[in-house]
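J.: below: sequence and its predicted model.
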Amino acid sequence: MLAKIESRTVLGIEAKKVEVEVDMSGGLPCFTIVGLPDAAVKESRDRVISAIKNCGFKFPPKKITINLAPADLRKEGASFDLAIAIGILVSNGDLEQKDVEGKVFCGELSLNGGLRPINGALPIAIGLSKDGTDNFILPQENAPEAAIVKEISVFPAKDLNEVVNFIKGAAKIARLKVDFCDIPKPSALFDIDFSDVKGQWHVKRGLEVAAAGGHNVLMIGPPGSGKTMLAQRLVTILPELSFEEMLETTKIHSVSGLLDSRNFLVSRQPFRMPHHTVSYAGLVGGGKVLRPGEISLAHNGVLFLDELPEFHRDALEALRQPLEGGVITVSRAAYNFTYPAKFMLVAAMNPCPCGYFTDPKKECHCAPQAIQRYLSKISGPLLDRIDIHLEVPSLHYKELSNKSRGESSFDIKERVNRAREIQKERFKGLNMFCNSHLSSKNIERYCCIDKEGSELLKLAILELGLSARGYDKVLKIGRTIADLAGAQTISAEHISEAINYRSLDRNLGF
Amino acid sequence: MESKKLGDLGEKLAARSLALKGYSIIARNFRCKLGEIDIIALDKGTLVFVEVRSRSDEEYGLPYETINHIKKRRLRKVATAFQMKYGLLDHDSRFDCVSVIFDDGGNLKDIEIIKDAIWS
């Protein structure tokens, strides 16, 4: 008899419908799976046979053919196990075809019939709500993330027997509902705070400006000056994610298998800190089996690249397009997918190979050429996309021993939020929401500068050797600083602070 | 005991034991140019191809462990040949294995029917 079970697979971050057709006929017993299965799908044969037997059903010695339709779509992973097992049971007469209509099954089986978690439950659930299919049966570990989608009924199951009894109507599975009041407030989730960092007022302020305008940041300083610590605390002052942003980010994390039944929603900005040995495919996505890269995992959050010049050149250059567009399209012979990748880049580096070039106390032993070579590892186009350059000096004893704590993240965040509100209002109806997205055409329109400010800027260009690119950047940063201060026009004081954040343009010390 | 004799005796004992279990024997030692099947029987309407494996106790390992993938492949081929000859290609079929163990004196020590022994 022929059985038809509905399942889903994930392509990129979108769900794709897969029909599992099971045909059983007489003849020598054999079990074949067709429809471009990969090794994990082919192996599901042995898992399904054992699971069915161990759940107390008879496995029929028949000629079984399983087709995963559409046949031209490559099938990956073990998530079809449950659908295949249910299909065999329907085909064998243990279950009725009409009872499985309108239900979608996903799950990996273990040999004893237990259900193991799958990747991509959230994208599948979102896909189902668009299709208008209502019932989604899946492993209980994945159920909370799927239940975020309120339009569908999510039935969490722990093993094959439970699913069979549910289909027969012999037992009920309670529909899982997620109460969003249970999700802790993002601000309560952080155990780090800006007040942990001693001194470094200048850098903290710089990061505040960066957070307010969504600007990318490069921190330059000797080892041990606190660059990493500061970068990690940046997420605590970023504006909270909207529900849509949470969903977008959770989708990517779901596909990558980074969620579990307790952390089923990415409710705060992700902070990704890949090691500098990361390959370009690991950074932007790709690989034989397609996976989202670090930049997509950092979507709506912060990507922190520590020791920037140590990264592979091709990995860094691959960042150019996503930094501009907010998406990354991975095209290979076999596939072509677009992942969202709207992130704030925070990079840290030493000023020279030994690290102590700008340190007042320790001597730097690097030859000038070595420093040049070190700095030139970061290409112009990449540097062009980083608005704010911050020098992080090493701390003096006085600052270290100082008992007074700095401003807390909460206070800084309030100011950042206010600045973002102003920007949102300003860019209403435009395809952007913060100052870092301003194009040079829009800069003229939105960055009104008063007379003193323009005088200062002129001076800066003449005296400090500020480039044309630097001019635009200073205006952009100035706009953000003015927003933080609640000012309409950019004044001299904002401009002078902004110039401070362009240390690489000023060629000071380099 | 000679191995040929041992094998023949094993098959005879296996056939008897299958009959006692309710199998009706259709053929013994079905041969074609692809190979041979020891016993072909019907069990509640299912066509059963039986491979008998005999071992004397001195030898190491269990009898059915000696069926390797080459033997399996050959059995499938011969079974298909049988089905084609009698137009039974769509008939429910399966492979069983009977393991017969003798002791040192040539007396039957243990006989076991393993249903559904071969899959592919």
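T.: That came in fine, so what should we check first?
J.: and chain B, which residues reach chain A?
T.: Selection of chain B residues close to chain A by Cβ under 8 Å from any Cβ of the partner chain yields B:46, B:76, B:79-80, B:83, B:89-95, B:116, B:118-120. Heads up, the C-betas are built off the backbone N, CA and C, glycines and all.
J.: report the buried members of these.
T.: Buried by 16 or more other Cβ atoms under 10 Å in any protein chain shown: B:Thr46, B:Arg76, B:Ala79, B:Thr80, B:Gln83, B:Asp92, B:Ser93, B:Arg94, B:Phe95, B:Asp116, B:Ile118, B:Trp119, out of the residues of chain B next to chain A.
J.: with respect to A:Asn119, which of the residues you listed is nearest?
T.: Relative to A:Asn119, the closest of these is B:Trp119; by Cβ to Cβ it sits at 29.5 Å.
J.: I'd like to know how far that closest one sits from A:Lys62.
T.: 11 Å (Cβ to Cβ, to the nearest Å).
J.: between those two, what contacts are shared?
T.: Residues touching both B:Trp119 and A:Lys62 (Cβ atoms under 8 Å, 6 or more residues apart in numbering or on different chains): A:Pro29.
J.: find the residue ranges of chain B scoring beneath the pLDDT cut-off.
T.: Counting by pLDDT under 70, the ranges of chain B that qualify are B:1, B:58-59, B:120.
J.: repeat that for chain A.
T.: For chain A (pLDDT under 70), the answer is A:181-189, A:505-510.
J.: farthest residue from the center of chain B?
T.: Distance from the C-alpha centroid of chain B, by Cα atoms, centre = their mean, peaks at B:Gly105 (23.4 Å).
J.: and stretch A:288-297, what's buried?
T.: Going by neighbour count (16+ other Cβ under 10 Å), the buried part of stretch A:288-297 is A:Leu290, A:Arg291, A:Pro292, A:Gly293, A:Glu294, A:Ile295, A:Ser296, A:Leu297.
J.: my guess is the second one contacts A:Val284. True?
T.: No: with contact defined as Cβ atoms under 8 Å, A:Arg291 does not reach A:Val284; the gap is 10.6 Å.
J.: and for residue 2, the neighbour number?
T.: Answering for chain A, as no chain was given. Residues lying near A:Leu2 (other Cβ atoms under 10 Å in any protein chain shown) number 14.
J.: chain B, not that one
T.: Residues lying near B:Glu2 (other Cβ under 10 Å) number 7.
J.: which bits of the stretch 51-200 of chain A sit near chain B?
T.: Selection of the stretch 51-200 of chain A residues close to chain B by Cβ under 8 Å from any Cβ yields A:Pro61, A:Lys62.
J.: quick one: secondary structure of the closest residue to chain B within the stretch 301-450 of chain A?
T.: Going by Cβ to the nearest Cβ, chain B is nearest to A:Ala334 of the stretch 301-450 of chain A, at 29.6 Å. Per DSSP: H, G, I helix; E, B strand; the rest coil, the local secondary structure of A:Ala334 is coil.
J.: residues contacting the residue of the stretch 151-300 of chain A found nearest chain B?
T.: Residue nearest to chain B within the stretch 151-300 of chain A: A:Leu160 (19.8 Å; Cβ to the nearest Cβ). Each residue near A:Leu160 by Cβ under 8 Å, 6+ apart is listed here: A:Ala51, A:Ile52, A:Cys55, A:Leu82, A:Ala85, A:Leu109, A:Gly113, A:Gly114, A:Leu115.
J.: of these, which is the nearest to chain B?
T.: Nearest to chain B, judged by Cβ to the nearest Cβ, of the contacts of A:Leu160 is A:Ile52 at 13.0 Å.
J.: re the thing from before, possible to save the buried residues of stretch A:288-297 as a markdown table with distance to A:Gly132 and secondary structure?
T.: Formatted as a markdown table, the buried residues of stretch A:288-297 follow (distance: Cβ to Cβ, whole Å; DSSP: H, G, I helix; E, B strand; the rest coil):
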| residue | distance to A:Gly132 | secondary structure |
| --- | --- | --- |
| A:Leu290 | 28 | coil |
| A:Arg291 | 30 | strand |
| A:Pro292 | 27 | strand |
| A:Gly293 | 33 | coil |
| A:Glu294 | 35 | helix |
| A:Ile295 | 33 | helix |
| A:Ser296 | 28 | helix |
| A:Leu297 | 31 | helix |
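J.: right, I'll leave it there.
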